[in-house]
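Participant: Fold the following for me, if possible:
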Amino acid sequence: MNRLFSFKRRESLLPNYIILTLYLLFAMLPLSVLVFNSLKSRVELANNPLGPPTQLRFDNFSTAWVQGKFSVTARNSAILVVSTVVGVLTLGGLASFSLARLKPVGADLFMLFMVIGSTIPIWLFMVPLFILWRNLGLVNNLLGLILIYTALNSPIAIFILRSYMVQLPADFEDAARVDGANSLQVFTNVVLPLVWPGFLTVGLVVGLGVWGEFQIALIFITNPDLFPVTTSYWQFTSRFSRDWTLTSAAALMMVAPVLAFFLALQRRFIEGLTQGGLRM
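Facilitator: Numbering: from 1, shown residues only. Below is the predicted model of the structure:
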């Protein structure tokens, strides 16, 4: 009886496995072609644009790295990502703690303002923002870009982190306050260790978004020495538009760090999103 039930269960899941396999192949095919083309010569790419390479050309990566100045642009993107993530987690964490646990006057009104403000696209006020940044000397400045990224990502950070904190039991906080802890000590020593999955989730979302952001960086950064990887890759593809081997190698180098980082922390990322969604 048990064998029959187990067989029927496996049989009922077979269509799901087939569909998931097709989705996997559909998702992996472009990435596989990208990897194949990054390891080919230009002649082989012209003769075989989709298949695997017959002779591996790893020098495409070194050539693309040097020609595209990715040692400089990768450093710029790393500065943008780290600074933005630190700023968003610091400001968003403190704001979330205040809204969820301290409950200041006007907290609900502030949350409504955050909801409305986060739905307004930045392109509606891009012109006055650019004029303001130019007058402040923040155009062609990584700090100016960090401030914009921090402001744009703070609302989602506050929503996610607040959803964690509103469901925390107050017993631990009360015990810490009885022992003489102030609000900052309660946040750092009690609340922060309990909601660290939320901080990890926010950090991954913000970091991936900043690493791949293109349009704002294209507008506010025109100095090639300050380009992030996205704008530098755009310039690189414009320069080497006929050499798909180098552009494929450059694209793979741009995507590889993000992909490796996400795969290493994907379980924590999914758990953080799930827990945060359940606590909304």
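
Participant: alpha carbons only for contacts and neighbour counts from here, please
Facilitator: OK.

Participant: what about V82, how many neighbours?
Facilitator: 17 (other CA atoms under 10 Å).

Participant: next one: phi and psi at N141?
Facilitator: Dihedral angles phi and psi of N141 (degrees, to the nearest 10) take the values phi -140, psi 130.

Participant: who touches the residue nearest the centre of the chain in this structure?
Facilitator: The centroid of the chain falls nearest to L208 when counting by CA atoms, centre = their mean (1.5 Å). Taking CA atoms under 8 Å, 6 or more residues apart in numbering as the contact definition, L208 lies against V258.

Participant: Let's verify it: helix, strand, or coil?
Facilitator: Here L208 is helix, with the state taken from DSSP: H, G, I helix; E, B strand; the rest coil.

Participant: how near is it to S77?
Facilitator: L208 sits 11 Å away from S77, going by CA to CA, to the nearest Å.

Participant: Which elements pack onto the host helix or strand of N37?
Facilitator: Assessed by DSSP states H and E, N37 sits inside helix 2-38. Helix 2-38 is packed against helix 244-264, with contacts defined by 3 or more CA pairs under 8 Å, 6 or more residues apart in numbering; DSSP states H and E.

Participant: by how many degrees do the helix it packs on and helix 2-38 diverge?
Facilitator: Helix 244-264 runs at 140 degrees relative to helix 2-38, counting by axes from the mean of the first three to the mean of the last three CA atoms, to 10 degrees.

Participant: Point out the other helices and strands that helix 244-264 packs with.
Facilitator: Checking 3+ CA pairs under 8 Å, 6+ apart, helix 244-264 ends up next to helix 2-38, helix 42-47, helix 59-67, helix 196-212, helix 229-239.

Participant: Let me have these in CSV, extended by distance to L161 and mean pLDDT.
Facilitator: Formatted as CSV, these follow (distance: least, CA to CA, whole Å; pLDDT from 0 to 100):
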stretch, distance to L161, mean pLDDT
helix 2-38, 31, 75
helix 42-47, 48, 84
helix 59-67, 38, 87
helix 196-212, 6, 88
helix 229-239, 29, 85
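
Participant: Could you export those helices as a markdown table, including distance to F130?
Facilitator: Shown next, in a markdown table, are these (distance: least, CA to CA, whole Å):
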| stretch | distance to F130 |
| --- | --- |
| helix 2-38 | 36 |
| helix 42-47 | 41 |
| helix 59-67 | 30 |
| helix 196-212 | 19 |
| helix 229-239 | 18 |
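
Participant: so which of these comes closest to L246?
Facilitator: Minimum separation from L246 across the helices and strands packed on helix 244-264 (CA to CA) falls at helix 59-67, 5.6 Å.
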